[in-house]
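Visitor: I would like the atomic coordinates for the input below:
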Amino acid sequence: MAVRSSKKQLILESGAHLAYKTLGLPELRRVQQDLRERLAPDKPPSLSYVAGVLRQAGLQVDFEDRYSDPAIPEPYTARLEGLLRFEDLASAEAALRSLAAAYHEYEAGSDRVGAQLVRKIVLRGRQRAESLTLNTRVKAEKRREKSEIATWFRVWLESPALFFDWLEVRKQTEEFQQLFSSSSAATPGRDTGVDST
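Guide: Just a heads-up that it's a prediction; the model follows:
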């Protein structure tokens, strides 16, 4: 009895056969088509999943969509990779505090590339949160929370210097308290364990 390869393994095998320095959309579609043929009748993984697996394997991938993390070049990877997490309000606030700290460091050092990368990551977070608010398979309570998080990301993008003052005022509003009173982020001035400076 033959052991069936995992989708991840099949992606790596298919990607290894492509002799390109950088894999773009056409190459990713070829990998996806190869998987479609090899996995039938299973559904092949999305292009963003294929791109993520190949990136993790160390291949150069030139592909972004609103669901994949933006490509973060060196030397920014160590500082920025994995910061975009927003499972709930508390983790969204912690992510924004970490991203804001990086943004202010880059701004202070006149590093426009780093500052733009942070903005790109926050924009991607807003897009993901907005898409979750439209997903009817997500519980109404979670959709409401993701809508609030999308608003946080939008306000941060519009005014990063004032965002945390705005957030503290927002968390004290009656509307916020009614919507999220059971959430740990509902307590104004709560310590997130992340330094905002």
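Visitor: which helices and strands sit right next to the helix ranked longest in the chain?
Guide: The residue-count maximum for a helix in the chain (DSSP state H) belongs to helix 112-133. Contact here means 3 or more CB pairs under 8 Å, 6 or more residues apart in numbering; DSSP states H and E; on that basis helix 112-133 packs against helix 77-80, helix 89-108, helix 140-158. Placement of C-beta: from N, CA and C, glycine included.
Visitor: Keeping just the C-alphas, turn the longest one into CSV.
Guide: Presented in CSV, the C-alpha positions along helix 89-108 are these (Å, rounded to 0.1, in the frame of the first residue of the first chain):
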residue,chain,number,x,y,z
LEU,A,89,-9.5,42.3,20.5
ALA,A,90,-6.7,41.8,22.9
SER,A,91,-4.4,40.2,20.3
ALA,A,92,-5.3,42.9,17.8
GLU,A,93,-4.3,45.6,20.2
ALA,A,94,-1.1,43.8,21.1
ALA,A,95,-0.3,43.4,17.3
LEU,A,96,-1.0,47.1,16.7
ARG,A,97,1.2,48.1,19.6
SER,A,98,4.1,46.0,18.3
LEU,A,99,3.6,47.3,14.7
ALA,A,100,3.3,50.9,16.0
ALA,A,101,6.6,50.5,17.9
ALA,A,102,8.3,49.2,14.7
TYR,A,103,6.8,52.0,12.7
HIS,A,104,8.0,54.7,15.0
GLU,A,105,11.5,53.2,15.1
TYR,A,106,11.6,53.2,11.3
GLU,A,107,10.2,56.8,11.2
ALA,A,108,12.7,58.0,13.7
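Visitor: Make 36 the first number, not 1, from now on.
Guide: Shifting the count to begin at 36 puts that one at helix 124-143.
Visitor: So for that helix, what gets flagged as buried?
Guide: Buried residues in helix 124-143, counted by 16 or more other CB atoms under 10 Å: 124-125, 127-139, 141.
Visitor: next one: the shortest one
Guide: Along helix 112-115, these residues count as buried under the neighbour rule (16+ other CB under 10 Å): 114-115.
Visitor: Which other helices and strands does that helix contact?
Guide: Under the contact definition 3+ CB pairs under 8 Å, 6+ apart, helix 112-115 sits against helix 124-143, helix 147-168.
Visitor: Indicate which one of the ones you listed is closest to Glu209.
Guide: Closest approach to Glu209 among those (CB to CB): helix 124-143, 16.7 Å.
Visitor: In the longest helix of the chain, which residues are buried?
Guide: Across helix 147-168, burial judged by 16+ other CB under 10 Å covers 149-150, 152-161, 163-165, 167-168.
Visitor: Averaged pLDDT, that helix. What do you get?
Guide: Taken as a whole, helix 147-168 has an average pLDDT of 92.
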